[in-house]
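> 3D, please:
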Amino acid sequence: MRFVFFIHSAVSDWNHGNAHFVRGLMTALARRGHTVDSWEPRGAWSVENLLADHGVGPIVDFARAFPEIAVHSYDGEGAGLEDEVAAAVAGADVVIVHEWNTPRVANTVAAVARRQGSVVLFHDTHHRPWSDPDAIARFDLAAFDGVLAFGDVLRDIYRERFGVERAWTFHEAADVERFRPLNREKTQDVAWIGNWGDGERTEELRAFWLDSARAMPELRFVAHGVRYPAEALAELADAGVEFRGWAPSLRVPEVFAASRVTLHVPRRAYVQALRGIPTIRVFEALACGIPLVSAPWLDAERLFRPGDYASVETPREMREQLLRFACDDDARLEQAARGLETILARHTCGHRADELLSIVAALQSAGASASPVRVSGDAHLADAERRASTDGVSVDAHPASPAAVTSTNGVSAEAHPSDGVAASASSERMPVDDAHPTITADALASANALASAGASSSTETVGVSASPATTAASASTESTSAAEAACA
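Next up is the predicted model:
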């Protein structure tokens, strides 16, 4: 089948975590023999900020690492939008429109794609249906064949508040070809990757993260992110946290591999109202084989087993758990293997690609685009049960043992067992569209030339994987850190 995605950006993940999952999903679909095209608006906010801060280098890295994705651009503000969309979706079997598009673009795509018989789905990975429902109301949701929402509670909001009966829970997941354990020397203790949060979790960050750093100056705390105001940077410095700026998603596994533990502080919306949505960082951290300690968050959908990550209720418990993983190699490796086991069994982009294909098959069988009639709520419940069983494992009994995880963890990106399909690097580079005015011709030429090296260039970008067993064997060679004083 031919899949066409309309997203904010594929080439840039600057303050754009949605790109991580969508890139992985598109790759997984391509690995299964489908054609994938990604369309993004010219002058996309994330791209403009990326270019201003870091130049074209990260875009070249993207082109090398994702040869399966053909990226094109369009003028989202121009008078010819409908014609551009018609050309983009011509011959498409499935069109997916992410919620980070303007209503004008999303509504135009839905109308044009449905006229030509494509299955059209609206994909939401944000809390706006709860936090800003008026913004979602501007989308013509009735023009879509259904909504993919990244949590049960968000799916229910679409059904109950917006009258969308054909809605599915479609969680994010880890792109395990890129996010995987690496064998690296431990040079830091606690890594934080994330943004300050626009006031959505400021007090929680202070209590669980910065106060932990102040209380344990013997540990080395590092932070990566963007959009930290001057006062936030001052607070990090005062707490002894080393701020290192933006980390491209392709470099995140390196950061985790050099660290002993990471922490998760969810935004307030996902604690109070949208329980059960972990956001992408949890999947990615566990996929990279690093212990994760989470501030209060309820896994209402039982996506994980008890013990896949450490859950704490108080700042004091956070400090205790961070110190435990910084000091205890055995505890660290055991926790990392358990979390990784669940990711490989249930939460890879390959799993989500299979879920999406099942949804599309059901819609095509029902003739979705030929009729605006929605399915019943009972059908939704049946679909939720189907979705829960597609992973082939229960929450409490995964077929993979820790030993199996250890043996498969070192498999290369070209044939990762968790993807369900033997992955092979494309022999041809699908170029980044030269119509994108913010990407220079030199960058495009470099991207295509570098990507022509094939799988080796992708491996060079993300590093070499290593099993927990290899990591354990190398533990004795880890560099001496100040943590040893705290652990004595």
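> Can I get stretch 45-57 as PDB, trimmed to CA atoms?
In PDB, the C-alpha atoms belonging to stretch 45-57 read as follows (Å, rounded to 0.1, in the frame of the first residue of the first chain):
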ATOM      1  CA  TRP A  45       8.500  26.100  13.100                       C
ATOM      2  CA  SER A  46      10.700  23.200  14.200                       C
ATOM      3  CA  VAL A  47      12.800  23.300  11.100                       C
ATOM      4  CA  GLU A  48      13.300  27.100  11.300                       C
ATOM      5  CA  ASN A  49      14.500  26.900  14.900                       C
ATOM      6  CA  LEU A  50      16.700  23.900  14.100                       C
ATOM      7  CA  LEU A  51      18.400  25.800  11.200                       C
ATOM      8  CA  ALA A  52      18.800  28.900  13.300                       C
ATOM      9  CA  ASP A  53      20.400  27.000  16.200                       C
ATOM     10  CA  HIS A  54      22.300  24.200  14.500                       C
ATOM     11  CA  GLY A  55      22.400  24.700  10.700                       C
ATOM     12  CA  VAL A  56      21.700  21.900   8.200                       C
ATOM     13  CA  GLY A  57      23.900  19.200   9.900                       C
END
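> And that stretch, what's buried?
Counting neighbours by 16 or more other CB atoms under 10 Å, one finds that the buried residues in stretch 45-57 are 46-47, 49-51, 56. Glycine gets a C-beta too; all of them are placed from N, C-alpha and C.
> Distance from it to the middle of the chain?
Relative to its chain's centre, stretch 45-57 lies at 20 Å (CA atoms, centre = their mean, to the nearest Å).
> could you give me the average pLDDT of that stretch?
Averaged across stretch 45-57, pLDDT comes to 97.
> where does the closest residue to Pro278 other than its chain neighbours fall, phi/psi-wise?
Excluding the flanking residues, the one nearest Pro278 by CB to CB, 6 or more residues apart in numbering is Leu303, at 6.5 Å. With angles defined as degrees, to the nearest 10, Leu303 sits at phi -70, psi -30.
> before we move on, what about Thr187?
Thr187 adopts backbone torsions of phi -120, psi 0, taken as degrees, to the nearest 10.
> I'd say it and Ala258 touch.
Yes - contact criterion CB atoms under 8 Å: Thr187 and Ala258 qualify, at 4.9 Å.
> Please say which of the two ends up with more neighbours.
Neighbours of Thr187 and Ala258, each counted by other CB atoms under 10 Å, are more numerous for Ala258; the result is 18 against 14.
> for that one, what are its contacts?
Going by CB atoms under 8 Å, 6 or more residues apart in numbering, Ala258 touches 184-188, 191.
> Apply 7 Å and report the result again.
Applying CB atoms under 7 Å, 6 or more residues apart in numbering, one finds that Ala258 lies in contact with 184-188.
> Then Gly194?
Listed by CB under 7 Å, 6+ apart, the contact set of Gly194 reads 225, 281.
> now do 10 Å
17, 201, 205, 209, 223-226, 262-267, 279, 281 (CB atoms under 10 Å, 6 or more residues apart in numbering).
> Asp83 too?
When contacts are counted by CB under 10 Å, 6+ apart, Asp83 touches 74, 112.
> Can you point out the buried residues in the one helix or strand it maps to?
In the assignment (DSSP states H and E), Asp83 maps to helix 81-89. Across helix 81-89, burial judged by 16+ other CB under 10 Å covers 81, 84-86, 88-89.
> Out of these, which comes closest to Val22?
Nearest to Val22, judged by CB to CB, of these is Ala88 at 16.4 Å.
> Surely the closest one is in contact with Trp39?
Yes - Ala88 is within contact range of Trp39, at 5.4 Å (criterion: CB atoms under 10 Å).
> and for those two, which residues touch both?
Common contacts of Ala88 and Trp39, defined by CB under 10 Å, 6+ apart, comprise 4, 6, 72, 74, 95, 109.
> Give me the subset of these that lies in helices.
Val109 (DSSP state H).
> Tell me the one of the shared contacts of Ala88 and Trp39 nearest Ser311?
Each of the shared contacts of Ala88 and Trp39 was scored against Ser311 by CB to CB, and Phe6 proved nearest at 36.7 Å.
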